[in-house]
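S.K.: Sequence plus predicted model, see below.
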Amino acid sequence: MTALNTQVEVRKITGRIGAQVVGVDPAKELDAATVAFVTDALHEHKALVFRDVDLDDAGQQRFAEHFGELTKAHPTVPSVDGEPAILPVDSEQGRANQWHTDVTFVHNPPKASTLRSLVVPPYGGETLIANSAAAYRDLPEPLRAFADTLRAEHTNDYDYAKAPETLDEAEQERRKVFVSQKFRTVHPVVRVHPVTGERGLYIGGFAQRIIGLSKGESRDILRLLQSYVTRPENVVRVSWEPNQLVLFDNRITQHYAVDNYDDLPRRLNRVTVAGDVPVGIDGVPSDSLEGDASHYSPVA
């Protein structure tokens with residue numbers, strides 16, 4: 001437990017990732033000391049949970065702005081009506097039950113993401129969040145040294161979550177929107193966190209090919225590296241409750257929305273904070289191959 005004062009606490013949820021913040025009200029204007037405290041906790045624990053929060057759309061955006069300039073909702077997917085920075089995460093519009101880091105197909109993906117519960121199913125619907133720095137540390141030394149040399153192409157133009165032939169008409173229309181502008185970006189497979197200096201595996205679902213290797217070779221290597229990210233020891237399982245907010249560091253985590261709540265509704269709102277261009281251990285930044293995302297996010 002770390003304390004800013006006797007009323008503020010950070011309580012670990014697991015040994016490697018996740019903590020609950022008690023005594024900080026995201027609905028209030030936070031002073032510089034509190035923002036610094038939450039930021040330090042985010043860097044240490046990677047994912048923070050705030051329970052029993054009284055937030056509306058404006059409040060969620062105001063809270064996220066404490067950590068930097070906001071992005072738009074998404075490069076291609078429409079926002080909540082009248083709220084250009086809020087993405088509806090609605091089970092009726094598809095289910096993101098695949099491991100990923102948010103929007104890695106653009107040149108500078110978000111640094112942080114916030115999710116706020118609106119409609120919570122009575123069971124299931126958890127979000128899994130994985131610590132990719134712990135995954136990197138878990139790699140055997142020869143595999144770690146190999147990963148250090150790799151770069152991977154990330155794109156939004158692939159079979160995200162479901163095979164094309166299994167999509168119904170509504171899902172096909174949503175996919176058309178998702179790929180209405182194609183993005184391809186080469187990122188280092190091992191990213192250096194710009195604040196902590198930690199190294200983390202920067203892969204996930206949008207990473208489709210290792211540069212210099214065939215698709216088959218790439219799949220095998222990415223699957224092997226991904227298996228370290230999703231080890232149970234590196235994952236926190238966030239069970240959603242009404243009036244709950246989750247903040248996670250998008251630079252060094254992956255997440256997965258568990259589709260285990262039948263046909264019940266589940267609705268969250270997402271607000272993301274603009275990030276920097278990723279850099280590998282060699283100091284070389286990511287390279288945009290296709291697609292201009294300047295309409296979506298400034299570069300932090």
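M.R.: Received it, and whenever you're ready, just let me know what you need.
S.K.: show me where pLDDT drops low in the stretch 1-150 of the chain?
M.R.: Along the stretch 1-150 of the chain, the parts satisfying pLDDT under 70 run over 1-6, 95-96.
S.K.: can you map out the strands along it?
M.R.: With DSSP state E, counting those that start in this stretch as the criterion, the stretch 1-150 of the chain has strands at 2-3, 9-12, 19-22, 47-50, 87-90, 112-119, 127-131.
S.K.: Mind giving me the packing neighbours of the second one?
M.R.: Helices and strands touching strand 9-12, by 3 or more CB pairs under 8 Å, 6 or more residues apart in numbering; DSSP states H and E, are strand 2-3, strand 19-22, helix 32-45. C-beta: built from backbone N, CA, C; applies to glycine.
S.K.: so how far is it off the chain centroid?
M.R.: The chain centroid and the centroid of strand 9-12 are separated by 21 Å under CA atoms, centre = their mean, to the nearest Å.
S.K.: and it, which residues are buried?
M.R.: 9-10 (16 or more other CB atoms under 10 Å).
S.K.: Give the pairing partners of that strand; include direction for each.
M.R.: Using DSSP bridges, strand 9-12 pairs in its sheet with strand 2-3 (antiparallel), strand 19-22 (antiparallel).
S.K.: Same check on the fifth one?
M.R.: Within its sheet, strand 87-90 is paired with strand 267-273 (antiparallel), according to DSSP bridges.
S.K.: How about the fourth one?
M.R.: For strand 47-50, the paired strands and their directions (DSSP bridges) read strand 19-22 (parallel), strand 245-249 (antiparallel).
S.K.: which of those is buried the deepest?
M.R.: By mean neighbour count, with neighbours taken as mean count of other CB atoms under 10 Å, strand 245-249 ranks first of the strands paired with strand 47-50 at a mean of 27.
S.K.: From the chain's centroid, how far away is the next helix or strand after that one?
M.R.: Moving toward the C-terminus from strand 245-249, the next helix or strand (DSSP states H and E) is strand 253-257. Distance of strand 253-257 from the chain centroid (CA atoms, centre = their mean) equals 6 Å.
S.K.: And stretch 152-169, by the same measure?
M.R.: Worked out by CA atoms, centre = their mean, stretch 152-169 lies 18 Å from the chain centre.
S.K.: measure stretch 206-219 end to end?
M.R.: Using CA to CA, to the nearest Å, the end-to-end distance of stretch 206-219 comes out at 12 Å.
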